[in-house]
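Student: Sequence first, then the predicted structure:
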Amino acid sequence: KLVESGGALVQDGGSLRLSCVASGRPFNRYAAGWFRQAPGKEREFVAAISRVVAGSTTYYADDVQGRFSISRDDAANTVFLQMDSLKPEDTAIYSCAAGPGVRFRVAREYNFWGQGTQVTVSS
């Protein structure tokens with residue numbers, strides 16, 4: 001089970017930190033990713049991080065590169081998404097996911113999903 005938190009209403013240029021806590025399975029076995037879905041749009045990849053044994057390598061979508069940062073704390077079974085310089089176009093429901101870590105940008109590669117947390121950026 002994955003549970004996200006940290007979503008909120010924030011102004012253009014603001015920051016948020018999303019958290020995703022995993023339970024039920026050892027989190028260190030999985031790669032983790034963040035995806036988002038805005039109203040009327042397809043779900044899209046945001047960021048991913050490989051397992052620690054694979055180097056905790058990070059991956060980002062082009063439009064968040066340099067503004068967002070993904071990290072993980074396996075001792076706490078938690079993955080984070082630090083979002084800075086937020087823009088109105090970042091408004092979406094953000095969901096975390098866990099999977100084997102093969103094709104990190106592909107949603108169907110992930111086995112477990114959270115319910116999502118709403119991020120709204122006002123202009």
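Tutor: Structure received. Just so it is clear, the structure is predicted and the values come from calculations on it, not from any experiment. Numbers count the residues shown, from 1 in each chain.

Student: Leaving out chain neighbours, which residue sits closest to residue 50?
Tutor: Closest residue in space to residue 50, ignoring its immediate chain neighbours: residue 57 at 4.4 Å, by CB to CB, 6 or more residues apart in numbering. No exception for glycine: its C-beta is placed from N, CA and C like everyone else's.

Student: Wait, the one you found touches residue 49, no?
Tutor: Yes - counting by CB atoms under 8 Å, residue 57 touches residue 49, with 7.0 Å between them.

Student: okay, these two: which has more neighbours?
Tutor: residue 49 (25 against 12; other CB atoms under 10 Å).

Student: Sort out which residues of stretch 4-24 are buried, please.
Tutor: Buried residues in stretch 4-24, counted by 16 or more other CB atoms under 10 Å: 4, 6, 7, 10, 16, 18, 19, 20, 21, 22.

Student: Need the residues that contact it.
Tutor: Contact with stretch 4-24 is made by 1-3, 30, 32, 34, 76-88, 93-96, 98, 112, 114-123, as judged by CB atoms under 8 Å, 6 or more residues apart in numbering.

Student: Just the buried subset of those residues, please.
Tutor: Neighbour counting with 16+ other CB under 10 Å marks 2, 30, 32, 34, 77-81, 83, 86, 93-96, 98, 114, 116-117, 119, 121 as buried within the contacts of stretch 4-24.

Student: distance between stretch 20-32 and the chain's centre?
Tutor: Mean-position distance between stretch 20-32 and its chain equals 13 Å (CA atoms, centre = their mean, to the nearest Å).

Student: Same check on stretch 7-19?
Tutor: That offset, for stretch 7-19, works out to 13 Å (CA atoms, centre = their mean).
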